[in-house]
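Novice: here's my sequence, what's the structure:
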Amino acid sequence: MPRTRVLAAVVALILAAWTSSESLAQRYGGSGQGYGSYGRNQSRNSQPGVFDYYLLSLSWSPTFCASQQRNAADPQCNRSGRPYAFVLHGLWPQFERGWPQDCASPDRGFVPRDVADRMLDIMPSLKLVFHEYRKHGTCSGLGVNGYFEMARSTYERVKIPARFRQVVDERLFVSPSELIQEFVSANPGLRPDMMVVSCSGPGNRLQEVRICVDKQGGFRPCGGNENQRRLCSAPRMYVPPVRSGAGAPADDRPTNRTPMPGSRPAEQKSL
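Specialist: Numbering: from 1, shown residues only. The predicted structure follows:
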């Protein structure tokens, strides 16, 4: 085979692998860190446990499902399956500017199936669970059980504002600042500089709510990565309604309190 053909084949394989990885990232979160709007801004110094704070990312499921082709095997968007509203996209270690990812860990980013299954009530995709631990959880320094316990407890401590517990209005529009203020009012200790909102797609749809927390799970100011104008500069966002296969009332957010092996149950206290 001519050398040029060999070179072309190698380039094609590299591009295919890169595209596969990026498509999974884009599937869960759109314009998140490393998933579009921030580009590849992560630090090269990716060591487990070496970071400044966490970013809790809550994905609005109706927007995600509206962007996907209907797949009978997708538990999050299957019309005959359980409906979802805000689901846990991930818990991301952050530097004040930049972030670590894909850290070297003794478990090599492996998530046991029983651990992954226990997260499906709030992260309704095995691929998402595996991806999030490999890319972000390995940098927490907590190990697979500790990371998912931290992710669950942080997710469950955030109170969803009353108006977004059951969205049925087909024509609901809100401004990013309005949504932020409602989260602030519902969560004592949370301030506007501790969260951002992202939007994307037709009508600037609500995509994610991202909240900054310290290593103990308490609210804290965000760093330079979380730029509201970059994530959603629209004056108003469309909030798609909750439907079967797309979302559920936030008061019905499923919880699975089965402790991870070797860990303590999460404390049920407000931030």
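Novice: where along the stretch 101-250 of the chain do the helices fall?
Specialist: Along the stretch 101-250 of the chain, counting by DSSP state H, counting those that start in this stretch, helices occupy 113-117, 126-135, 143-157, 176-186, 228-231.
Novice: nearest to M194, out of these?
Specialist: Closest to M194 of those is helix 176-186 (C-beta to C-beta; 8.3 Å). For the C-beta atoms, the positions are set from N, CA and C on the backbone; glycine is no exception.
Novice: now the helices of the stretch 101-250 of the chain as JSON lines including mean neighbour count and mean pLDDT?
Specialist: As requested, the helices of the stretch 101-250 of the chain are exported to JSON lines (neighbours: other C-beta atoms under 10 Å; pLDDT from 0 to 100):
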{"stretch": "helix 113-117", "mean neighbour count": "14", "mean pLDDT": "95"}
{"stretch": "helix 126-135", "mean neighbour count": "21", "mean pLDDT": "95"}
{"stretch": "helix 143-157", "mean neighbour count": "21", "mean pLDDT": "96"}
{"stretch": "helix 176-186", "mean neighbour count": "17", "mean pLDDT": "97"}
{"stretch": "helix 228-231", "mean neighbour count": "16", "mean pLDDT": "94"}
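Novice: for P62, which of the ones you listed is the nearest?
Specialist: Closest among the helices of the stretch 101-250 of the chain, using C-beta to C-beta: helix 176-186, at 14.6 Å.
Novice: hang on, the earlier thing: okay if I get the helices of the stretch 101-250 of the chain as a markdown table plus distance to S105?
Specialist: Supplementary listing: those in a markdown table, determined by distance: least, C-beta to C-beta, whole Å:
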| stretch | distance to S105 |
| --- | --- |
| helix 113-117 | 14 |
| helix 126-135 | 9 |
| helix 143-157 | 8 |
| helix 176-186 | 32 |
| helix 228-231 | 29 |
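Novice: of all these, which one is nearest Y53?
Specialist: Closest among the helices of the stretch 101-250 of the chain, using C-beta to C-beta: helix 143-157, at 11.4 Å.
Novice: tilt between that closest one and helix 126-135?
Specialist: Orientation of helix 143-157 against helix 126-135 (axes from the mean of the first three to the mean of the last three C-alpha atoms, to 10 degrees) gives an angle of 110 degrees.
Novice: closest one to A85 among the helices of the stretch 101-250 of the chain?
Specialist: helix 143-157 (12.6 Å).
Novice: tell me the helices and strands packed up against the closest one.
Specialist: strand 53-60, strand 86-94, helix 113-117, helix 126-135 (3 or more C-beta pairs under 8 Å, 6 or more residues apart in numbering; DSSP states H and E).
Novice: mind doing that once more with 10 Å?
Specialist: strand 53-60, strand 86-94, helix 113-117, helix 126-135, strand 205-213 (3 or more C-beta pairs under 10 Å, 6 or more residues apart in numbering; DSSP states H and E).
Novice: got the ones you listed as a markdown table, with distance to I180 columns?
Specialist: Formatted as a markdown table, the helices and strands packed on helix 143-157 follow (distance: least, C-beta to C-beta, whole Å):
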| stretch | distance to I180 |
| --- | --- |
| strand 53-60 | 13 |
| strand 86-94 | 15 |
| helix 113-117 | 32 |
| helix 126-135 | 24 |
| strand 205-213 | 8 |
